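**Q** I would like to see how this sequence folds:
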Amino acid sequence: MDSADFWLEDLIVSPDAREDPSCATTPPVLRAQGLELELLPAGNGAPSPPAVTSRISVQKFCATVARFDGFKTRLATETGLGGMLRLKPLPKLNLKFSAFLMERVNVDDRSIRIDDETSIKFSPQDVRNVFGLPCGARTLSSKPVRLSEACKEFRRAAAEIGGKGTHSLKAVEAILLKELTEASSTQVKIDCFKIAYVVFAVGHVLCPSSKYDYTSIDYWQALCNISSIAEFNWCEYVLGHLMPAVEKLKADMERGYSPIHLSGCHLFLQIFVLDNMDLGAVTLRQHASPRISLFDCATLRKMIGILTTGVTGDKSFFLARQGLRRDDVGYTVSNAGHIARAGAHNEQHPFVSSHQEQTPDPEQYPSSAEEFTEHLRRLYPEMDAEAVCTLLRECNARMCAHMDEMEQKCQAERLDFADKLLKLVSKSRCTCKPSTN
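**A** Numbers count the residues shown, from 1 in each chain. Take a look at the predicted model:
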């Protein structure tokens, strides 16, 4: 590792370990220049496992967006990546748990092994459920494109701040924190801010690099037209970076490298696995979107603690002793039953659901044509482009129109009846003769 990218000024023990005796066995964390490094404990005379590092920084992202005013928050939401604003500050991620999960990922079918008989498949829709990212029909491409005026302004502003230009996350942060007002800012400045927000979210959380203060922008195509950012499949883009990171981790572990650096959004794997397991009282039963909004530092620590065996090395965590949750919180594993189990019937039925059928909650029914379309896309993503889904959407749109028309007619009849009734009562009162007694 380049010494310019990795320089430790001092050793900082996690505050949790100092304040909470139950965290006394938590490995110390080294932090310097944006790098988080976790030392894995050795035990029983075994060779010391490698340390694990990562440049992911949820804390930095949250600290920066917390300084947004209402106008900047609205602009960030308009990019389609507004779900990232719901992240809770996570000063310290359990990198050991991330490495454990990444080692259990099967890249070929995008699944994560729970035990010898069970693995859970994940998809771009699950990434959307976790982070609230757009999962559009357009694929992000690294092909050269003609940059828009906003992109040129972003590159110029970043180059003025630092030598790394648009590759510098510090420069991107500086652009985000510049004064920006709705009344006096040009459209180019506003679009430049939106570009910086997307780059900052990708660089710090969604696709972190292995280098300090560095991000690679291979998605200029999506940034050239600000209004079309949400049309791209950012969820697939996240998984597209995470899968090579998994392969690299496995190769580094086989070669005995130390430290092992975690790239890609391994935070997704933590949330996906923890949220799909039944962890008793700490299981998050609330229906919230995106799911990441429910996970704070204390919640993650409690959940991971339940899966910790106290045994060092590869067996530090044990997923098999916990069952998979049976209620639906929006993952494709819950809706489409993507649970792969070993057994005699796997050849004919490779995927069987672990979730019992439940009586649907009427409050969860789609209430508009848009929600119905999203409902179909979320539950049956593989059939979204099929003719049958098009017919269902058209039928639903007509039914919604008929119901709106019927509701308007009913409302008109109620008003007409009320008007006639009140006029009759009013006329009757006017014609009543006063008593002569």
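**Q** confidence-wise, which helix or strand of this structure is lowest on average?
**A** helix 15-19 (a mean of 35; mean pLDDT, DSSP states H and E).
**Q** does Pro89 belong to a helix, a strand or coil?
**A** Following DSSP: H, G, I helix; E, B strand; the rest coil, Pro89 is assigned to coil.
**Q** wait, what's in contact with it?
**A** Counting by C-beta atoms under 8 Å, 6 or more residues apart in numbering, Pro89 touches 58-59, 62-63, 296-297. Glycine gets a C-beta too; all of them are placed from N, C-alpha and C.
**Q** now do the residue lying closest to Lys302 once chain neighbours are set aside against Ala298, distance only.
**A** Spatial nearest neighbour of Lys302, excluding adjacent residues (C-beta to C-beta, 6 or more residues apart in numbering): Val282 at 4.8 Å. Distance of Val282 to Ala298, given as C-beta to C-beta, to the nearest Å: 10 Å.
**Q** what about those two, which has more around it?
**A** Between Val282 and Ala298, Val282 has the larger neighbour count (other C-beta atoms under 10 Å), namely 14 against 11.
**Q** show me the two of the contacts of Pro89 that sit farthest apart.
**A** Greatest spatial distance among the contacts of Pro89 (C-beta to C-beta): Ala63 and Asp296, at 14.7 Å.
**Q** tell me the domain ranges of this structure?
**A** 15-358, 361-424 (automatic domain parsing).
**Q** among those domains, which is the most enclosed?
**A** Here the criterion is mean neighbour count by mean count of other C-beta atoms under 10 Å, and of the domains of the chain the winner is domain 15-358, at a mean of 18.
**Q** mind checking how far that domain is from the chain centre?
**A** Computed by C-alpha atoms, centre = their mean, to the nearest Å, the separation of domain 15-358 from the middle of its chain amounts to 7 Å.
**Q** can you map out the strands along the stretch 151-300 of the chain?
**A** Here the stretch 151-300 of the chain has its strands, by DSSP state E, counting those that start in this stretch, at 260-262.
**Q** report the contact partners of the residue positioned nearest the centre of the chain.
**A** Centroid check for the chain by C-alpha atoms, centre = their mean gives Phe131 as the closest residue, at 1.6 Å. Contact partners of Phe131, counting by C-beta under 8 Å, 6+ apart, are 83-84, 206, 235, 238, 268, 290, 292.
**Q** try it again with 7 Å
**A** With contacts defined as C-beta atoms under 7 Å, 6 or more residues apart in numbering, the neighbours of Phe131 are 83-84, 290, 292.
**Q** again, but for Lys170
**A** Neighbouring residues of Lys170 by C-beta under 7 Å, 6+ apart: 162, 213.
**Q** the closest residue to Ala201 other than its chain neighbours and Phe122, how far apart?
**A** Closest residue to Ala201 apart from its sequence neighbours, by C-beta to C-beta, 6+ apart: Met84 at 4.8 Å. Computed as C-beta to C-beta, the Met84 to Phe122 distance reads 19 Å.
**Q** export stretch 171-184 to PDB, keeping only CA atoms.
**A** Extracted as PDB, the C-alpha positions of stretch 171-184 are listed here (Å, rounded to 0.1, in the frame of the first residue of the first chain):
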ATOM      1  CA  ALA A 171     -13.100  18.500  -3.700                       C
ATOM      2  CA  VAL A 172     -16.500  17.000  -4.200                       C
ATOM      3  CA  GLU A 173     -17.400  17.800  -0.500                       C
ATOM      4  CA  ALA A 174     -16.200  21.400  -1.000                       C
ATOM      5  CA  ILE A 175     -18.600  21.800  -3.900                       C
ATOM      6  CA  LEU A 176     -21.500  20.400  -1.900                       C
ATOM      7  CA  LEU A 177     -20.800  22.800   0.900                       C
ATOM      8  CA  LYS A 178     -20.600  25.900  -1.200                       C
ATOM      9  CA  GLU A 179     -23.300  28.500  -0.700                       C
ATOM     10  CA  LEU A 180     -26.300  27.800  -3.000                       C
ATOM     11  CA  THR A 181     -29.600  29.600  -3.000                       C
ATOM     12  CA  GLU A 182     -32.700  29.100  -5.000                       C
ATOM     13  CA  ALA A 183     -33.000  32.800  -5.800                       C
ATOM     14  CA  SER A 184     -29.500  33.600  -7.000                       C
END
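**Q** ok, Gly203 to Ile56 distance?
**A** For Gly203, the distance to Ile56 - C-beta to C-beta - is 10 Å.
**Q** which residues of the stretch 1-150 of the chain score low on pLDDT?
**A** For the stretch 1-150 of the chain, the stretches flagged by pLDDT under 70 are 1-49.
**Q** what does the stretch 201-350 of the chain give?
**A** In the stretch 201-350 of the chain, residues with pLDDT under 70: 310-315, 321, 334-350.
**Q** which residues in it form helices?
**A** Applying DSSP state H, counting those that start in this stretch to the stretch 201-350 of the chain gives helices spanning 220-223, 234-255, 266-275, 297-306, 332-335.
**Q** list the contacts of the first one.
**A** Read that as helix 220-223. Counting by C-beta under 7 Å, 6+ apart, 140-141, 143, 145, 147, 151, 195, 198, 229, 232 sit against helix 220-223.
**Q** where's Thr53, which helix or strand?
**A** Assigned by DSSP states H and E, Thr53 falls within strand 52-54.
**Q** what pairs with that strand, and is each one parallel or antiparallel?
**A** The sheet places strand 52-54 alongside strand 35-38 (antiparallel), strand 260-262 (parallel), with pairing taken from DSSP bridges.
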